[in-house]
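S.K.: Quick one, structure for this:
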Amino acid sequence: MNSFFSEEADGFVSFRTANGFAVVLEEPVCASEDKVTVIEEFESYCRKNSLKTCYYRIGEDGLSYFPSSGKQKLFIGQDALLDAENSAFRERAEIHQERGHGLEKAGYRTEIRYAPQSERHHRSDPGGFRRVADGIG
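M.R.: As a prediction, this is how the structure comes out:
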């Protein structure tokens, strides 16, 4: 992961480069009033380094920070909240588990943990999130 720190505002952009693109996850980290400045500065940095830009996971409100960029928007999906306690959801999950689908087949397990979590749960698998994240990209 790379970071671009603005020289004009107190903010930065996290991005990863691949195939001539700088792929940015979400909006710049800065005050709302500085977002356009940081984006314009980052765009200039990318042009100087022969990189095209792609911004991923920008919400409807965040689109207003890109008025003159000439970028197109693409709706990819939306978040969903599932009731893991719902019997229909559990039945479907059990069917997938029986058939060997999903992460269980790769050696991961699924469990429901209720809030609040004890400190013991956090320490029991300190690399759990890292292990999943390392398998991405």
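S.K.: How much space separates Phe15 from Pro116?
M.R.: Counting by CB to CB, to the nearest Å, the separation of Phe15 from Pro116 is 35 Å. Heads up, the C-betas are built off the backbone N, CA and C, glycines and all.
S.K.: Between these two, which is the more surrounded one?
M.R.: For Phe15 versus Pro116, the count of surrounding residues by other CB atoms under 10 Å is larger for Phe15: 23 against 6.
S.K.: got the buried residues for the helix or strand hosting the more buried one?
M.R.: Phe15 belongs to strand 12-18 when elements are defined using DSSP states H and E. Within strand 12-18, the residues scored as buried using 16 or more other CB atoms under 10 Å are Val13, Phe15.
S.K.: name the helices or strands packed onto that strand?
M.R.: Counting contacts by 3 or more CB pairs under 8 Å, 6 or more residues apart in numbering; DSSP states H and E, strand 12-18 is packed against strand 2-5, strand 21-25, helix 35-48.
S.K.: buried stuff in the shortest one?
M.R.: Buried residues in strand 2-5, counting neighbours by 16+ other CB under 10 Å, are found at Phe4.
S.K.: For that strand, which outside residues touch it?
M.R.: Gly11, Phe12, Val13, Ser14, Phe15, Arg16, Thr17, Ala22, Glu41, Phe42, Tyr45 (CB atoms under 8 Å, 6 or more residues apart in numbering).
S.K.: residue boundaries of the helices in this structure?
M.R.: 35-48, 87-98, 119-124, 128-134 (DSSP state H).
S.K.: least reliable of those helices going by mean pLDDT?
M.R.: Comparing mean pLDDT across these, the lowest value falls on helix 128-134: a mean of 45.
S.K.: could the helices and strands packed on strand 12-18 go into TSV alongside distance to Ser64?
M.R.: Formatted as TSV, the helices and strands packed on strand 12-18 follow (distance: least, CB to CB, whole Å):
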stretch	distance to Ser64
strand 2-5	21
strand 21-25	16
helix 35-48	9
